[in-house]
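S.K.: A structural model of the following input is requested.
(4 chains)
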There are 2 protein chains.
Amino acid sequence: MNVVVADNRDQIDNGQIGEALAALADLTRRQLLDQIAAAGGATATRLAGGMPITRQAVVKHLSVLTQAGLVTAQRQGREVRYAVQPSRLRQVEQWAARAAEQWESRLDAIKHIAERE
Amino acid sequence: MNVVVADNRDQIDNGQIGEALAALADLTRRQLLDQIAAAGGATATRLAGGMPITRQAVVKHLSVLTQAGLVTAQRQGREVRYAVQPSRLRQVEQWAARAAEQWESRLDAIKHIAERE
DNA sequence: CATATATGCAACTAAAAGGTTGCGCGTAGC
DNA sequence: GCTACGCGCAACCTTTTAGTTGCATATATG
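M.R.: Okay, the predicted model is just below:
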């Protein structure tokens, strides 16, 4: 049956999934994540330099991303460096995989019942 | 290097990913998807019966989900039956997987550079 | 020390999102 | 043919969200 046994540490609750999905739903935030990942970490001021929005707007986005667990913030002197957090994205991936499996097996079951007639 | 070769049909553009993620971000919509999947298809009126919101609100959610490609609508006489669309959810899963891989390999590269000092 | 740079906090605005009510219309079914 | 049921459309309300501006605070650095 090819079952993948997942670790309990990978479990994520409904509220956290909602936060992560909402954070990822915004195009600007996805672009920020790309930039941070590509640069291997960045500050709000730096990120704002490459976008058509103010630093304050970027800061708000970063706070949403931090709350969602998709980035971490670390203070270094007078600046705050943000880094991407792949584990949370992996949890989103697994949530989607599990849901898709459920949908598929349910549809398969329905189809088999229909064929039996 | 264990590369997974994906089919082009699985590709999804940035706009569609945004729509799908936004659709999935709402708790009520995730619950609706659960209900539809579990019942193997359902109508707006039926779904509204099991939730503390009006049929109209449910209809709006279903239209968002349809637009995002997560459900399909099919008219049967005077009622409209909605069914889940696992393929779109799989595309979300793969999008997350690809992004996570990028993030991880970038962080790995940074770490190796740091260790070389 | 003085200045420049990066962040933090608060108030405000405009648009989008989730939800409601009311009503008109097609389709089943007795 | 009449009635009931499910659906579609439109107007309206309220809260959230993305963004702005203005100012205060902390830390480098010449």
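S.K.: where in chain A is pLDDT low?
M.R.: Counting by pLDDT under 70, the ranges of chain A that qualify are A:1-10, A:117.
S.K.: Residues of it that sit close to DNA strand C?
M.R.: Where proximity means CB under 7 Å from any atom of the strand, the interface of chain A facing DNA strand C comprises A:43-45, A:55-56, A:59, A:75, A:78-80. C-beta here means a position set from N, CA and C on the backbone, and glycine is covered the same way.
S.K.: Can you name the residues that contact the residue nearest the centre of chain A?
M.R.: Of all residues in chain A, the one closest to the mean position by CA atoms, centre = their mean is A:Leu89, 4.1 Å from it. By CB atoms under 8 Å, 6 or more residues apart in numbering or on different chains, the residues touching A:Leu89 are A:20, A:70, B:96, B:99-100, B:103.
S.K.: In chain A, where's the longest helix?
M.R.: helix A:86-115 (DSSP state H).
S.K.: Okay, buried residues for that helix please.
M.R.: A:86, A:88-97, A:99-100, A:102-104, A:106-107 (16 or more other CB atoms under 10 Å in any protein chain shown).
S.K.: angle of it against helix B:86-115?
M.R.: With axes from the mean of the first three to the mean of the last three CA atoms, to 10 degrees defining the directions, helix A:86-115 sits at 160 degrees from helix B:86-115.
S.K.: Now do helix A:86-115: distance to the chain's middle.
M.R.: 18 Å (CA atoms, centre = their mean, to the nearest Å).
S.K.: all helices for chain A, in order.
M.R.: A:14-25, A:27-39, A:44-49, A:55-67, A:86-115.
S.K.: Remind me what the second one packs against, helices and strands.
M.R.: If I follow you right, that is helix A:27-39. helix A:14-25, helix A:44-49, helix A:55-67, strand A:79-84, helix B:14-25, helix B:86-115 (3 or more CB pairs under 8 Å, 6 or more residues apart in numbering or on different chains; DSSP states H and E).
S.K.: Format the ones you listed as TSV; extra columns: distance to DNA strand D.
M.R.: Formatted as TSV, the helices and strands packed on helix A:27-39 follow (distance: least, CB to the nearest atom of the strand, whole Å):
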stretch	distance to DNA strand D
helix A:14-25	6
helix A:44-49	8
helix A:55-67	3
strand A:79-84	7
helix B:14-25	9
helix B:86-115	18
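S.K.: Tabulate the ones you listed (TSV), appending distance to A:Ala37.
M.R.: Formatted as TSV, those follow (distance: least, CB to CB, whole Å):
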stretch	distance to A:Ala37
helix A:14-25	13
helix A:44-49	12
helix A:55-67	12
strand A:79-84	5
helix B:14-25	15
helix B:86-115	5
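S.K.: Those: which one's closest to A:Asp34?
M.R.: With CB to CB as the criterion, A:Asp34 lies closest to helix B:86-115 of the helices and strands packed on helix A:27-39, at 8.4 Å.
S.K.: Okay, angle between that closest one and helix B:14-25 too, please.
M.R.: Going by the same axes, to 10 degrees, helix B:86-115 makes 100 degrees with helix B:14-25.
S.K.: Could you check the angle helix B:86-115 makes with helix B:27-39?
M.R.: Using the same axes, to 10 degrees, helix B:86-115 lies at 120 degrees relative to helix B:27-39.
S.K.: Could you check the angle helix B:86-115 makes with helix B:55-67?
M.R.: Per the same axes, to 10 degrees, the angle that helix B:86-115 makes with helix B:55-67 is 60 degrees.
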